[in-house]
Every structure is written in C-alpha cells, then in structure tokens.
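*Asks:* no sequence for this one, just the structure:
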C-alpha cells in the first residue's frame, strides 16, 4: 500500500494559512502527520500559483491539494504538477479555461458583495464591521472579530486573473459546498461542483468559513480523499 499523500492547504482571500488551524488539528487527530499550509501574497494568480508550486515541488511525496475560496483557483491553475494526485475544494472557486473568480462571481453575485471596500492602493477589504456577517456568520462574534482584524486583503485585480488548463479536468477531485455562503454564491458552487464531476460533494449548511465552523466535517472529507488515493 502506498503512503498517505502529503496534504497541502491553500488559503483564500481575506485570510492566511492560519485560517486552516482547526482543520490542521482535526487532520492530526485523524493520523495525518505530513501537513503543510502555504502562505500566499494574494498579489496575482501567477504569484500565488508560483508560491504554491514551489512548496509542492519541494515535497518528495505525492500531494493532495486542498483549496479554500480563491485557493481553489490557485490549485486549479498549478495542480497539474506531476506529484499532485488529487484536489479538494472547500467552498472554493474551480474555474474552467478562460474563467476567473470575478467572471464566476458576476453570474450570481454573493449576498455580501456590498460589504467589500477597495483602498487607495488597489487592495480589496471586507468592511471590518461587516466581516462576521459576511464571511463567518456561523462562528462566534469573538472569532469573527479576530478574522476581521487579521484579514489579509488581495489586490482587487487578482479577481480578473484567468485560468488555463484547469487541473480538475485531469486529477481526481472532491468538493465541499457551503449552503449559507455569502462570499461565493451557493448557486455558483453548485455549477462548479457539478461540471467537475467530483468523486464526492459534501453539502454543509455553513458559512464561507466552513473550514473553521465545520472543521471536523471538512477534515473528514479531506481524510476520505487522502485514503482513497493511498
């Protein structure tokens, strides 16, 4: 039997690697010892895909990529690396050829679109007082405050960066869909999940921050994916 793949966790907009903290603990409890969480600059799809590619290239083992939110676009773009054996999308973008997170969002704008605010340097923020209701309404107010204060804004131009040769067309995939997501409309998640024909779709009545609010279920999905590739 082959060894379990190394799990590489890829965060999305408005957060960093620490957004995976609850999932990391749950995966550790499930027996996963080879875990990495990449920290991306959120300056462009090319920059973020390259940062993730370098981490994956440094791993001798097979890799299972897990992307949350915009992290799904990143793993879609760079996931054709030879040692990548699968892709798990957590309330994530999974663009097709020529699509961008922005073009997908425009089809069914999310509930919290009005709570986004650009600054003078081209970064796009969630209004701090709206972070809890927009991003993580199923977490406590205290946790929402922490996410608000520590949010990591992307350059707004990154929304328009398009995908080429999406990895989900070539690798086994899994999708977790958040039914109460206010950042990526559930209707858009349904479209993306259906067309990739994943091995499993896990539907949770969760916010966009399902990786924090429903960490046990999210980790269990990742574990199932990893075991199926072992």
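*Replies:* Arrived safely, thanks for sending. In this text the structure is predicted, and so the values were computed from the model without any measurement.
*Asks:* which stretches of the protein form strands?
*Replies:* Ranges of strands in the chain, per DSSP state E, are 6-10, 35-38, 63-68, 84-90, 116-118, 124-126, 173-178, 200-204.
*Asks:* Strand partners (parallel or antiparallel) of the second one?
*Replies:* Partner strands for strand 35-38, per DSSP bridges, with pairing direction: strand 6-10 (parallel).
*Asks:* list the contacts for the most centrally placed residue in the chain?
*Replies:* By C-alpha atoms, centre = their mean, the chain has its centre lying nearest to residue 68, at 1.2 Å. Residue 68 makes contact with 9, 10, 11, 12, 15, 19, 20, 90, 91, 92, 211 under the criterion C-beta atoms under 8 Å, 6 or more residues apart in numbering. Just so you know, the C-beta spots here come from the backbone N, C-alpha and C atoms, and that holds for glycine as well.
*Asks:* now the second one, which residues is it bridged with?
*Replies:* According to DSSP bridges, the partner residues bridging residue 10 are residue 38, residue 67.
*Asks:* for it, what are its contacts?
*Replies:* Counting by C-beta under 8 Å, 6+ apart, residue 10 has contacts 37, 38, 40, 52, 65, 66, 67, 68, 71, 74, 75.
*Asks:* Would you format those as a markdown table with distance to residue 133 included?
*Replies:* Conversion of those to a markdown table gives the following (distance: C-beta to C-beta, whole Å):
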| residue | distance to residue 133 |
| --- | --- |
| 37 | 26 |
| 38 | 28 |
| 40 | 25 |
| 52 | 30 |
| 65 | 30 |
| 66 | 26 |
| 67 | 24 |
| 68 | 19 |
| 71 | 22 |
| 74 | 26 |
| 75 | 28 |
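*Asks:* Closest to residue 200 out of the residues you listed?
*Replies:* Among those, residue 66 lies closest to residue 200 (C-beta to C-beta), at 13.5 Å.
*Asks:* Dig out what the residue nearest to the closest one when sequence neighbours are not counted forms beta bridges with.
*Replies:* Distances taken as C-beta to C-beta, 6 or more residues apart in numbering place residue 88 nearest to residue 66, at 4.4 Å, with adjacent residues excluded. In this entry, residue 88 is beta-bridged to residue 66, residue 174, by DSSP bridges.
*Asks:* Tell me who's in contact with residue 88.
*Replies:* Per C-beta under 8 Å, 6+ apart, neighbours of residue 88: 64, 65, 66, 67, 173, 174, 175, 176, 221, 222, 225.
*Asks:* Just the pLDDT at it, thanks.
*Replies:* You'll see residue 88 listed with a pLDDT of 98.
*Asks:* With residue 145 instead?
*Replies:* At residue 145, pLDDT is 97.
*Asks:* for the one 3 residues further on, same thing?
*Replies:* We have a pLDDT of 97 for residue 148.
*Asks:* do residue 2 as well
*Replies:* 69.
*Asks:* Looking at neighbours, which among the contacts of residue 88 is most surrounded?
*Replies:* By neighbour count, taken as other C-beta atoms under 10 Å, the most surrounded of the contacts of residue 88 turns out to be residue 66 (33 neighbours).
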